[in-house]
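> model this:
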Amino acid sequence: MTSGMLTKSHVQLCKMPISWEVNSTKPDTDENPDKQPVATQVFYDTLHEELIKLTRVGDSAATVTISDHTNSTWVECDCGIPDKTVVRMKFSATRNFLALQVNIREVKVVDVRQGLLVAARSCRSHKSRITNVYWCKGPLTAQQFLFVTNTGAELYALKPQGSSLKHLKTVQHQTRYHWFVNSSNWLLVVDLKHIFSLYQVQPKGLTRRCKFELNCHGTNYNAQNEAYYDQISLVEMYNEVMVVYINEQKGKLYILGLVNETMTQKYVYDLYTASKYEVSVIDNVLVVHNMIAKLAVLFDIRTEPHAAIAAPLPIAYDHYEEDKKADGGGSPRRTRAHHVQEHKYDHWAFLPDRYVLDSSMSRSEKKNYLWSMHLDLNAIMHSWPSGKQALLVNFLLKRHEGPSHQLVLGVLRSMIQEATGLQTMSRLFNLMHSVCYEVQLHKANMARKALDGELPEGKSPKGRSPDSKRIASQGYLVISQHDICAEVFRKVLGDDKKGAGRVLPYVIEYARGASRHFLKVTPELNQLMIDLLLQDNRFVELHQYLQYHVLQDSKEFALELISLQKRYEPAYQLGLDMLYRLSAFTEMMKVLLEHDQVLEALQLVPHSSAVFQEKGLEPADFLNVAVKIKRSSIFFTCYRFFQARNQALRNSPVFLPDDRCERFVRIYEKNFRTRPETKPTLDLDDAPTPTLEAPTPSTS
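So this is what the prediction gives:
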């Protein structure tokens, strides 16, 4: 197949699966020189979503290895296995303990670090038979352990030192079948009367949340099979536990959720055909596998509550094949190849939540494989209806895996280029702003708890990592203002040099949405709005946005407004007002001096202010401008102002040589010494107004 086949599948298997040999007596001549039989057992750990392989060579001690899905390899775990017979194996949440079910009634716990047996427990009732065991997910200090038996469920807690299992609670229940969600510790059981009960494991016990019935009889695709357990799944989507039930005879999908302690039907989907079905959950997307047609149908309850989000397509897998014709006689060159999955679904078993156990052994090697599935977001995006791009953005914002971040920005770019309605874009912008506001609120709460000493030990007061782009409570991507400016607005403008008028309404709406969600507009976004307004000479609109505080105040923006005085006269006063609101008196005084407004500059600060020590705002700079104006009243007022400053700071009105005011002292003595000397004041009303004369140059 060509690489183009990848776009014909919405669900793909991983590139390299986990593989292992099945139970056999085939000798391993490298590690088994005596050619003793090798026995292999493989168990699936639902808590960590990994495989645990137990290997024995003859009568020697067993070795334990754990699957590493990232590198598609096995990692050895050094722990002692006290019994030769093992029915089930699972690691605790901290991986410090390993639970071994050795028979239908007894479970032993091994300390992995020390390789010692630390606890053993049998069922409390002699009639009980263990059907499965689970380590519960929860606080690291309280490692809970659940027995599910034919007579109910038993909950235990491993003591901190791992010395024994303490019994917490037993629930009596004639169990016919059960389902368990390890991510949130939900247990669903059905009794002999076909009544379902939903329990939740809590720190102090096992609590029943609801009881309900399902009419499942006669709904199996195989009419002769009365069992319906494989038609029901207990899953977690968007942090909510849900019961998924498929009527295989009618081709109907039912999703039930917990509402006010009652299991209620929330969603119904049409699968269009009677068939055998299996269910997986990938990144909060429900994937329903048609086992006969070999197709996968995708459903997202938060995006499209009434229909599938994409057309049914087969599963594809992406792997590497060795090219045996490699030149040079070295190691074979690996060539990438893409195929549509042609395996028979009869040999597949779907494990929670996204794994496929492939037992269709090849003829040459007796191996089984464990594949992990992931969504092909690019393929989903390309097959999305063109008129529902807003729904596509909503879908991509909720995806945690793959290139969803870049895809969201790409779709937003195309929507702006296609002139999508402002109301539609506003809804999407508000959604992204609400997520950013929640992140901001979360960080503020974490900082407050850190100050109050309420933060748990070992937890960062900053809350989330700076690299994190998601928020768990809503499940949405965090799209920052920088992302929108750099990857959406700027790139649209780069593709269309004359598109400033088309992009500006979206930029303004995005900024208004940020203000409505109490988010501070970043300088980057602020500058983008200013650039677009000035590019089209839309000064009146710029004036209005300033009046209604759509544009944020900044020193850079104020100085830019002042520079626009020749193009738009009110811009000068707008810039001065902005500097005054920012209390940027230094910049404001420099601007006023440049425009010969000496007295206005002196009125901003008291005469004792330290601003007069800065370069460009020294007394000589003010007096020089006053002389240039050639108005004696202004010079006299300015000179007396700085005399008052000298009196306050030095207890003398005299200028020092460092002030560089000798020239201005001579001018003052030339023009105003005829008036009797008085103590300098700042009374601006009674200043004399003679004609200002420059002193006669000395002939010596």
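> what about the residue lying closest to Cys136 once chain neighbours are set aside, how many residues close to it?
Leaving aside its sequence neighbours, Cys136 sits nearest to Gln144 (Cβ to Cβ, 6 or more residues apart in numbering; 4.0 Å). For the C-beta atoms, the positions are set from N, CA and C on the backbone; glycine is no exception. As a burial measure, Gln144 scores 26 neighbours (other Cβ atoms under 10 Å).
> tell me the bridge partners for Gln144.
Ala157 (DSSP bridges).
> and it, how close does it get to Val488?
Per Cβ to Cβ, to the nearest Å, Gln144 is found 47 Å from Val488.
> before we move on, what about Leu564?
27 Å.
> the closest residue to Asp358 other than its chain neighbours - how many residues pack around it?
Leaving aside its chain neighbours, Asp358 sits nearest to Tyr369 (4.3 Å; criterion: Cβ to Cβ, 6+ apart). Neighbourhood size, Tyr369 [other Cβ under 10 Å]: 18.
> returning to what we had before: more neighbours: Leu564 and Val488, which one.
Val488 (24 against 17).
> so the more buried one sits in a helix?
Yes. According to DSSP: H, G, I helix; E, B strand; the rest coil, Val488 belongs to a helix.
> settle this for me: it is touching Arg413, isn't it.
Yes. Val488 lies in contact with Arg413 (Cβ atoms under 8 Å); the separation is 5.3 Å.
> hey, where'd the strands end up in the stretch 51-200 of the chain?
According to DSSP state E, counting those that start in this stretch, the stretch 51-200 of the chain carries its strands in the segments 63-68, 73-77, 88-91, 97-101, 106-111, 116-122, 130-135, 143-149, 152-158, 165-172, 175-181, 186-191, 195-202.
> ok, now the stretch 351-500 of the chain?
355-358, 367-375, 470-471, 476-477.
> compare those and give me the one nearest Met16.
strand 367-375 (9.4 Å; Cβ to Cβ).
> export the closest one to CSV, keeping only CA atoms.
Extracted in CSV, the C-alpha atoms of strand 367-375 (Å, rounded to 0.1, in the frame of the first residue of the first chain):
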residue,chain,number,x,y,z
LYS,A,367,4.3,-14.9,19.1
ASN,A,368,1.5,-12.7,20.4
TYR,A,369,1.3,-8.9,20.0
LEU,A,370,-0.1,-6.0,22.0
TRP,A,371,-0.9,-3.0,19.9
SER,A,372,-1.8,0.5,21.2
MET,A,373,-4.3,2.6,19.2
HIS,A,374,-4.3,6.3,18.6
LEU,A,375,-6.4,8.7,16.7
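> chain neighbours aside, what residue packs nearest to Glu213?
Glu213 sits nearest to Ile195 (Cβ to Cβ, 6+ apart), 5.8 Å away.
> give the contact list for the one you found.
211-213 (Cβ atoms under 8 Å, 6 or more residues apart in numbering).
> from these, which is closest to Val503?
Closest to Val503, out of all of the contacts of Ile195 and judged by Cβ to Cβ, is Phe212, at 53.1 Å.
> what sits up against stretch 83-93?
41, 43, 45-48, 52, 54, 56, 62, 64, 66, 97-104, 108, 112, 132-138, 140, 143, 158.
> neighbour-wise, which of the contacts of Ile195 leads?
Phe212 (15 neighbours).
> so that one belongs to a helix, correct?
No. Phe212 sits outside any helix when classified using three-state DSSP, being strand.
> need the pLDDT of it.
Looking at Phe212, its pLDDT is 94.
> quick check: buried residues in stretch 529-544?
By neighbour count with 16 or more other Cβ atoms under 10 Å, stretch 529-544 contains the buried residues 529-530, 532-534, 538-539, 542-543.
> now swap in stretch 184-193 and tell me
For stretch 184-193, using 16+ other Cβ under 10 Å, the buried residues are 185-190.
> which outside residues touch it?
Taking Cβ under 8 Å, 6+ apart as the rule, stretch 184-193 contacts 136-138, 146, 148, 153, 173-180, 196-202, 206, 229, 234, 236, 239, 241, 243.
> how far off centre is it?
33 Å (Cα atoms, centre = their mean, to the nearest Å).
> what mean pLDDT does it have?
Confidence for stretch 184-193, expressed as mean pLDDT, is 93.
> could you export that stretch as PDB, CA atoms only?
Below are the C-alpha coordinates for stretch 184-193, written out as PDB (Å, rounded to 0.1, in the frame of the first residue of the first chain):
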ATOM      1  CA  SER A 184     -11.500   6.300  39.100                       C
ATOM      2  CA  ASN A 185     -12.200   3.100  41.100                       C
ATOM      3  CA  TRP A 186     -15.700   2.400  39.900                       C
ATOM      4  CA  LEU A 187     -17.100  -1.100  40.100                       C
ATOM      5  CA  LEU A 188     -20.100  -2.400  38.300                       C
ATOM      6  CA  VAL A 189     -21.600  -5.800  39.100                       C
ATOM      7  CA  VAL A 190     -24.600  -7.700  37.900                       C
ATOM      8  CA  ASP A 191     -26.200 -10.400  40.100                       C
ATOM      9  CA  LEU A 192     -28.000 -13.600  39.300                       C
ATOM     10  CA  LYS A 193     -31.300 -11.700  38.900                       C
END
